[in-house]
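A.B. asks: Build me a model from this:
(chains A and B)
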Amino acid sequence: MASFPAILRSEWTKIRSVRSTVWTLALTFVVTVGIGALLSLLTNDNFTEFRRNDPSPFDATGTAFSGMMLGELAIIVFGVLAIGNEYSSGMIRVTLAAVPQRGTLLTGKATVLGTMALVVSLVTAFVTFFTGQALLGPHSTTLGEPHVLRAVFGAALYLTMLCLFAAGVTTMLHNQTMALGVLVPFFFLLSPILSAVPKVRTLAHYFPDYAGSRMLLVYEQHGQPYGPWTGFLICLAWTLAALVGGALVLRKRDA
Amino acid sequence: MIELHDLTKRYGKTLAVDGLSFQVPPGVVTGFLGPNGAGKSTTMRMILDLDRPTAGRVTLDGKRYGQLSEPLKYIGALLEAKAVHPGRTARDHLLWLAQSNRIPERRVDEVLALVGLTPVARKRARGFSLGMGQRLGIASALLGDPEIVMFDEPVNGLDPEGILWIRNLMKRLAGEGRTVFVSSHLMSEMAVTADHLVVIGKGRLLADLPMPEFIRRNSRSAVRLRSPEPERLLDVLAGAGLRHEPGPGGSYEVVDGDIATLGELLTAHGVVLHELSPQQASLEEAFMQMTADAVEYHAGDGPGRDAAGAPGTWGAGWKANGARPAAAVRQEEN
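C.D. replies: Below you'll find the predicted structure:
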């Protein structure tokens, strides 16, 4: 068997040595923090106007995480590029000749990718939270309030799982353009549209993005199908399914 | 030593590689020759376990590729130039490869120097020419100081100096006792590089023999004779026991004939000649005719089917008829 630490070192070198890939990860941080900060600032300045006719309690955590949607997009692109650029350049054949144990290889890739995504996501989540709260002034909350700390960790875990989900899907499709063409419409068109249609809404509730959004909840809302932990498990199931699917395709297919 | 046992690869209805069996021994440069689309690259990908054979198997000194723990230290391959991320530097490309097989980092700088890429080591591959990409691919093949090296069309995109360099490199590697397996679609390139030759056409083995033997059998020389009185010409030839074949434009050719002897013989019999000329078929022509036969055979309805024998024995049959050049066999079949 190939040495697993050797695979990890090798995959780490691969990811850090391509600028475009590193940039998408930096972008995840910038857009999540930036948009959250902007919305927090605007909310603070126009609080009474924004909150008029809204009976639900104000969610200071959710306001700080207003930029999650674009952050998700950036980290999905990171997951797609990190795997997909090997296919677009034909480098996958060089990789598989060096490490013919394909299952081990993908495990190594996912470990490196997941670790990087987790570190960046944790930093992003906490910086987003604190920046948002600082800008919300009198309307801010703290990590000590019920469920807030869990929601911040939830945001980080959700971003990490999205990255690995995207990586798994890209391995299954073995083409980065196709992977982006499937993932972006899925998350940003299909899922929001289906959630708005009464009959299929129940189905859309089990999509990874809806499940992930449950993980950020601080207040109980009416008509929620499930809570944050179930959301986490659903999201995890999608991620593992994508990675296992990717491993099966990688093992079976001619490179 | 690379050993192929009845290796077969089918893509849908197309049989890309058809029951290929041969060995690539250490210490010599083995050329792998065939026209484009003959199945050379597919065969090489199967040797590296990148494509899974439909049937048959490949062993490397008895082991399957997937059983090698750090394969780069054992077999190095150049499959396609530019299989490098355009945004990564040459050095980083070699570095991740080295790390994956626990090859020391200083070896990266050694191979960069060996292929002459040290000055551009920290440049991104985006700006590399085809020749530079080819050199980087060769550097990655040599990274693990492997027993076996395999190059797919290595001279593509190289300038004359680069071509000379790669030829000498392959000879040196073979001289060190390594197994060197190199593919090409150019007979002329193989003639100056390879010690042993494996020829395939349409995925089938056509020849597997030492290079000098191939040259001896295929450098067909003949004397072409043309006369206004062909009956007399043929009578004289038959009387002298000389075999002849029909040539172009009503001429006749005496294979391996001596031009001076023939000239004297025909003059002595008073035969009027309009042409008495030496003919030399190049290796390139021999190769083209050999592979053209393979294509013809695959059409499956030629009259030569029975004469040529079963597909598996075609190569062997051709070898047994060593004295008869491929061109002669083909003419008789027609």
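
A.B. asks: Just want the residue of the stretch 101-250 of chain A that's nearest chain B.
C.D. replies: A:Gln101 (7.1 Å; CB to the nearest CB). Just so you know, the C-beta spots here come from the backbone N, C-alpha and C atoms, and that holds for glycine as well.

A.B. asks: name the element the residue sitting nearest the centre point of chain A belongs to?
C.D. replies: By CA atoms, centre = their mean, chain A has its centre lying nearest to A:Leu159, at 2.5 Å. Per DSSP states H and E: A:Leu159 is located in helix A:148-173.

A.B. asks: To which secondary structure element type does the closest residue to the residue of the stretch 101-250 of chain A closest to chain B other than its chain neighbours belong?
C.D. replies: In space, and not counting its chain neighbours, A:Gln101 is closest to A:Ala2: 5.3 Å by CB to CB, 6 or more residues apart in numbering or on different chains. In three-state terms, and counting by DSSP: H, G, I helix; E, B strand; the rest coil, A:Ala2 is coil.

A.B. asks: Just give me the neighbour total for A:Ala2.
C.D. replies: By the criterion of other CB atoms under 10 Å in any protein chain shown, A:Ala2 has 21 neighbours.

A.B. asks: isn't there a strand covering A:Val218?
C.D. replies: No: assigned with three-state DSSP, A:Val218 falls outside any strand and is coil.

A.B. asks: hey, where'd the helices end up in the stretch 1-150 of chain A?
C.D. replies: Under the criterion DSSP state H, counting those that start in this stretch, the stretch 1-150 of chain A contains helices at A:4-16, A:19-45, A:47-51, A:60-64, A:68-89, A:91-98, A:102-136, A:148-173.

A.B. asks: I should have written the stretch 1-150 of chain B there, sorry.
C.D. replies: In the stretch 1-150 of chain B, the helices defined using DSSP H, counting those that start in this stretch lie at B:40-47, B:90-100, B:106-114, B:130-142.

A.B. asks: These: which one's closest to chain A?
C.D. replies: Proximity to chain A (CB to the nearest CB) singles out helix B:90-100 among the helices of the stretch 1-150 of chain B, at 3.7 Å.

A.B. asks: Go ahead and confirm A:Thr124 touches A:Thr32.
C.D. replies: Yes: counting by CB atoms under 8 Å, A:Thr124 does reach A:Thr32; the two are 5.1 Å apart.

A.B. asks: Could you pull out the residues contacting both of the two?
C.D. replies: Listed as contacting both A:Thr124 and A:Thr32 by CB atoms under 8 Å, 6 or more residues apart in numbering or on different chains are A:Gly71, A:Leu159.

A.B. asks: re the thing from before, mind telling me which of the helices of the stretch 1-150 of chain A the model trusts least?
C.D. replies: Looking at the helices of the stretch 1-150 of chain A, the lowest mean pLDDT belongs to helix A:47-51 (a mean of 86).

A.B. asks: CA atoms only for that helix, dumped as CSV, please.
C.D. replies: The C-alpha trace of helix A:47-51 is given here as CSV (Å, rounded to 0.1, in the frame of the first residue of the first chain):
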residue,chain,number,x,y,z
PHE,A,47,-33.6,48.7,12.7
THR,A,48,-37.1,50.0,13.3
GLU,A,49,-37.9,50.2,9.7
PHE,A,50,-36.6,46.7,8.9
ARG,A,51,-38.4,45.2,11.9
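
A.B. asks: Distance from the chain centre to it, please.
C.D. replies: For helix A:47-51, the separation from the chain centroid amounts to 30 Å (computed by CA atoms, centre = their mean, to the nearest Å).

A.B. asks: Break chain B down into its domains, please.
C.D. replies: Domain assignment for chain B by automatic domain parsing gives B:2-211, B:221-280.

A.B. asks: Mind telling me which of those the model trusts least?
C.D. replies: Of all the domains of chain B, the minimum mean pLDDT falls on domain B:221-280 (a mean of 90).

A.B. asks: Can you get me the start-to-end distance on that one?
C.D. replies: Using CA to CA, to the nearest Å, the end-to-end distance of domain B:221-280 comes out at 5 Å.

A.B. asks: Then stretch B:263-278?
C.D. replies: Length of stretch B:263-278, first residue to last, CA to CA: 11 Å.

A.B. asks: Give me the residues contacting it.
C.D. replies: Residues from elsewhere that reach stretch B:263-278 (CB under 8 Å, 6+ apart): B:221-229, B:232-233, B:236, B:240, B:251, B:259, B:262.

A.B. asks: which residue packs closest to residue 188, ignoring adjacent ones?
C.D. replies: Let's take chain A. Distance criterion CB to CB, 6+ apart; nearest residue to A:Phe188, sequence neighbours excluded, is A:Leu73 at 7.0 Å.

A.B. asks: wait, I meant chain B there
C.D. replies: What sits nearest to B:Ser188 in space, not counting adjacent residues and going by CB to CB, 6+ apart, is B:Glu284, at 6.1 Å.
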